[in-house]
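> Take a look and give me a structure for this.
(one chain, ligands or ions: 2)
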Amino acid sequence: MFNNRIKIKQLLAEQPKGRQVTVMGWVRTFRNNQFIALNDGSANNNLQVVVELGQYPDEFLKRITTSAALKVTGVITESLGKGQSIELKATEIEILGDSDAEKYPLQPKKHSLEFLREIAHLRFRTNTFGAVFRIRHSLAFAVHQFFNDRGFIYLHTPIITASDAEGAGETFKVTTLPFDKTPRAENGTVDFSADFFGRPTNLTVSGQLEGELGATAFGDIYTFGPTFRAENSNTARHLAEFWMIEPEMAFYDLEDNTNLAEEFIQYIIKYAMEHNAEDLEFLRMRLLDEEKTKPQAERSELDLVQKLQFVTENKFERITYTEAIDILLQSPAYKKKKFQYDVKWGIDMQSEHERYLVEKHFKKPVIVTNYPKEIKAFYMRQNDDGKTVAAMDILAPGIGEIVGGSQREERYDKLVQRMEEMQVPAEELWWYLDTRRFGTVPHAGFGLGFERMVQFVTGMTNIRDVIAFPRTPKSAEF
Ligand code: 4AD
Ligand code: MG
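Ligands and ions are numbered 1, 2, ... in the order given. As a prediction, the model looks like this:
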C-alpha cells in the first residue's frame, strides 16, 4: 500500500510535530551518513530525514545516493538545525529504487541549462525545473478557472486539419503515403486521393477557425491545445510544437477583446503568485544570481516578483500600429541607426522594434492595434481606412509578442474579397464562410502562446526550458 504517504508540501505547511508519517521521494543529498534531503516533487523545499547513527549498517547507508527512491516512516520533530523548522526522525527506511551515483548525470551542483536540455528526461528533478513546471501547471489550471468562471465553453478543436488557419504555409504534413512510392496523378503531382484522408492534411497551426464556429453557437469558447509550426526559427521564443490558448467571443469588438486579454493575463499571473510563492521566490533568487554576472546597465530594475506585481497592478499601454511606428522613428535608437532592420509604415515589426517599445520606451506590456492589412491574416476585420485591420498584438517585456488576436471579418462579401486577394481557397473553407451566411455577428478572439507566458512568469530566457520536451528545428529527442 502506497497511498498512505503524505506529500512533503503538506508536511511543511502543516508541521504536524509528534505525528508518525510516511513519505516517499528521491534523495537530493545525504550528509554525514545522517541527514537526507528528500524531495518528492510536491514542493521546492526538501524534507530533512534524520537517520540515527548506528541505526543501519554501512552497506545499507551506501545505497542512499543522489536520486535513490526512498520510502521513509518516522516521526515529525522540531528541527534544531539551520534551514528547516521540522525534520523526520526515521524509524524505517526502505530503498524503493537504487541509483548508481557514478552514472547518475545530475550531480548536486549547478548545471548549465544547455546541459540540462540534453538530459530533459531527468531535469524535472532539479530545483529550477521543479519550480518552472509546478508554475506551468498552475498557469494551465488558472486558464481553465478564468474561462470557466466566465461561462466560456472549452472546445477541443482538431489537431489534424486540412486548413492552414494563418495562411502562412508553415504546416507539418500528415500523411500515410509511402515516401519511396508516392502515388502520382497523370500530370506527375502527388495523388492524395490515395492518402489516409483522401486529401492533403496537416497538423493544426491554430484552432481559431473551428473556434469561431463554436463562438457563433455558444457565444464564448476557448481552446487550449498543442499547435504546430514548421517555421525554421531557431530562437529563444519559437517552438515547432507549442501550446496555445485561443478564446473566441461572439458580440465582441476589438476593444472588448483587448480588455479580456489584459484581464486574463493579469488573472493567471496573480493565480501563480498566490499559489506558487515558494517556487517564484526560488526563481527570483536564481535570476538575481544570474544578473550578478551582467554589467550594471544590463540588470533589470525590478526583480521577478516585482515585475509580475507591476504587470498585475498596472494597465497595459495601448497604442495603434501607426503610433508605434512614429515612436520608433522618433527614437534615439533609430536616429543612431541602432536597429538592424529598417523602420517605416508597413513593416512587420521585428523583435528589436517590439523590445524597444516595451522595454525602453514604455517599460510595461503594450497592446498594439490596427496593423496594416498586408502583414496580417485574411480573417481580420478590415477598418474603414482601407489600409488597416482590427488586429491587436500584446507585447511583453523580455518576450516580445505574447498574444496575437483581432476582431474577425464578419461581413461575407468583404471576407471573400480578402480571401481572393490573399489567395486563400474559399472553396475549401466553405464551412468557415457558412458562419457569415447564417446569422453572422461581430466577434473577436486572440491566441496566447502558453510557453511565452510561462517564460514571462518564470523569467526563463529560453522557451526550450518551459516545455517538458521541446521540439525545435533538428531536435525531437525524448
Ligand atoms: O499570432 P499568432 O500566429 O496568432 C494566431 O495563431 C491566431 N489564430 C490567434 C487567434 O487570434 N486566435 O499566434 C498566437 C501566439 C503568438 O502571439 C505567440 O505568443 C504564440 O502564439 N506563438 C508561438 N509560441 C511559440 N512558438 C512559436 N513558433 C509560436 N508562434 C506563435
Ligand atoms: Mg502573431
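> C-alpha only now, for contacts and for neighbours.
Will do.
> Give me the neighbour count for the residue in the stretch 51-200 of the chain positioned nearest to ligand 1.
Proximity to ligand 1, evaluated over the stretch 51-200 of the chain using Cα to the nearest ligand atom, is greatest for residue 166 at 6.2 Å. Other residues lying near residue 166 total 19 when counted by other Cα atoms under 10 Å.
> can you check residue 374 too?
Residues lying near residue 374 (other Cα under 10 Å) number 14.
> who's in contact with it?
Taking Cα atoms under 8 Å, 6 or more residues apart in numbering, we find residue 374 in contact with residue 346.
> what secondary structure does the residue lying farthest from the centre of the chain sit in?
Relative to the centre of the chain, and counting by Cα atoms, centre = their mean, the farthest-placed residue is residue 54 at 48.6 Å. At residue 54 the chain is in coil, as set by DSSP: H, G, I helix; E, B strand; the rest coil.
> Around ligand 1, which positions in the stretch 101-250 of the chain sit nearby?
Within the stretch 101-250 of the chain, the positions near ligand 1 by Cα under 6 Å from any ligand atom are 206, 208, 229, 237-240, 242, 244, 246.
> Which one (most neighbours) among those residues?
In terms of neighbours by other Cα under 10 Å, these top out with residue 206 at 27 neighbours.
> thinking again about what came up before, and the gap between the residue farthest from the centre of the chain and residue 60?
When distance is defined by Cα to Cα, to the nearest Å, residue 54 is 11 Å away from residue 60.
> the helices in the stretch 1-150 of the chain, which residues?
Applying DSSP state H, counting those that start in this stretch to the stretch 1-150 of the chain gives helices spanning 8-14, 58-61, 113-118, 127-149.
> Next, count neighbours for residue 20.
15.
> wait, isn't it in contact with residue 77?
No: with contacts defined as Cα atoms under 8 Å, residue 20 does not count as touching residue 77, sitting 9.6 Å away.
> Any regions of the stretch 1-150 of the chain where pLDDT drops low?
Along the stretch 1-150 of the chain, the parts satisfying pLDDT under 70 run over 1.
> for the stretch 251-400 of the chain, what spans make up the helices?
For the stretch 251-400 of the chain, the helices defined by DSSP H, counting those that start in this stretch cover 254-275, 277-291, 304-313, 321-330, 332-335, 351-355.
> would JSON lines of these with mean pLDDT, mean neighbour count and distance to ligand 1 be doable?
Putting these into JSON lines (pLDDT from 0 to 100; neighbours: other Cα atoms under 10 Å; distance: least, Cα to the nearest ligand atom, whole Å) gives the following:
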{"stretch": "helix 254-275", "mean pLDDT": "98", "mean neighbour count": "19", "distance to ligand 1": "10"}
{"stretch": "helix 277-291", "mean pLDDT": "96", "mean neighbour count": "17", "distance to ligand 1": "22"}
{"stretch": "helix 304-313", "mean pLDDT": "97", "mean neighbour count": "17", "distance to ligand 1": "17"}
{"stretch": "helix 321-330", "mean pLDDT": "98", "mean neighbour count": "17", "distance to ligand 1": "15"}
{"stretch": "helix 332-335", "mean pLDDT": "95", "mean neighbour count": "13", "distance to ligand 1": "25"}
{"stretch": "helix 351-355", "mean pLDDT": "93", "mean neighbour count": "19", "distance to ligand 1": "12"}
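> For those helices, could you give me CSV that also reports distance to residue 84?
Putting these into CSV (distance: least, Cα to Cα, whole Å) gives the following:
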stretch, distance to residue 84
helix 254-275, 21
helix 277-291, 14
helix 304-313, 23
helix 321-330, 51
helix 332-335, 50
helix 351-355, 42
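> right, and these - which one's nearest residue 371?
helix 321-330 (5.3 Å; Cα to Cα).
> For the nearest residue to residue 97 once chain neighbours are set aside, give me its contacts.
In space, and not counting its chain neighbours, residue 97 is closest to residue 69: 4.8 Å by Cα to Cα, 6 or more residues apart in numbering. If a contact means Cα under 8 Å, 6+ apart, then residue 69 has 24-27, 95-99 as its contacts.
> Please name the bridge partners of residue 69.
Under the criterion DSSP bridges, residue 69 forms beta bridges with residue 26, residue 97.
> I'd like the next helix or strand past the host helix or strand of residue 202.
Taking DSSP states H and E as the definition, residue 202 sits inside strand 201-203. Going down the chain from strand 201-203, the next helix or strand is helix 208-218, by DSSP H and E.
> Which element is encountered next along the chain beyond that following helix?
Remark: after helix 208-218, the chain's next helix or strand is strand 220-228, criterion DSSP H and E.
> what sits up against that following strand?
147, 151-157, 159, 171-172, 203-207, 211, 214-215, 240-250.
> how does it look with 6 Å?
When contacts are defined by Cα atoms under 6 Å, 6 or more residues apart in numbering, strand 220-228 is touched by residues 152-155, 204-206, 215, 240-249.
> same thing with stretch 382-393?
Contacting residues not belonging to stretch 382-393 are listed as 367-373, 380-381, 403-407 [Cα under 6 Å, 6+ apart].
> Check those one by one and keep those near ligand 1.
With the criterion set as Cα under 6 Å from any ligand atom, the members of those near ligand 1 are 403-406.
> which of those residues tops the neighbour count?
Among these, the one with the most neighbours (other Cα under 10 Å) is residue 406, at 29 neighbours.
> any idea how far ligand 1 is from the nearest residue to residue 373 once chain neighbours are set aside?
Nearest in space to residue 373, with sequence neighbours left out and distances taken as Cα to Cα, 6+ apart, is residue 388 at 4.8 Å. Separation of residue 388 from ligand 1 (Cα to the nearest ligand atom, to the nearest Å): 16 Å.
> And for residue 221?
Separation of residue 221 from ligand 1 (Cα to the nearest ligand atom) stands at 11 Å.
> Around that residue, count how many other residues there are.
Other residues near residue 221 number 26, with proximity taken as other Cα under 10 Å.
> so who does residue 28 touch?
37-38, 66-67.
> Please tabulate the contacts of stretch 382-393 in a markdown table, including the columns distance to residue 187 and pLDDT.
What follows is the contacts of stretch 382-393, written out as a markdown table (distance: Cα to Cα, whole Å; pLDDT from 0 to 100):
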| residue | distance to residue 187 | pLDDT |
| --- | --- | --- |
| 367 | 49 | 98 |
| 368 | 47 | 98 |
| 369 | 46 | 98 |
| 370 | 44 | 98 |
| 371 | 41 | 98 |
| 372 | 39 | 98 |
| 373 | 36 | 97 |
| 380 | 37 | 98 |
| 381 | 39 | 98 |
| 403 | 43 | 98 |
| 404 | 40 | 98 |
| 405 | 41 | 98 |
| 406 | 41 | 98 |
| 407 | 42 | 98 |
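> need these in JSON lines with distance to residue 397, can you?
Putting the contacts of stretch 382-393 into JSON lines (distance: Cα to Cα, whole Å) gives the following:
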{"residue": "367", "distance to residue 397": "12"}
{"residue": "368", "distance to residue 397": "14"}
{"residue": "369", "distance to residue 397": "17"}
{"residue": "370", "distance to residue 397": "21"}
{"residue": "371", "distance to residue 397": "20"}
{"residue": "372", "distance to residue 397": "23"}
{"residue": "373", "distance to residue 397": "25"}
{"residue": "380", "distance to residue 397": "26"}
{"residue": "381", "distance to residue 397": "28"}
{"residue": "403", "distance to residue 397": "13"}
{"residue": "404", "distance to residue 397": "15"}
{"residue": "405", "distance to residue 397": "18"}
{"residue": "406", "distance to residue 397": "21"}
{"residue": "407", "distance to residue 397": "24"}
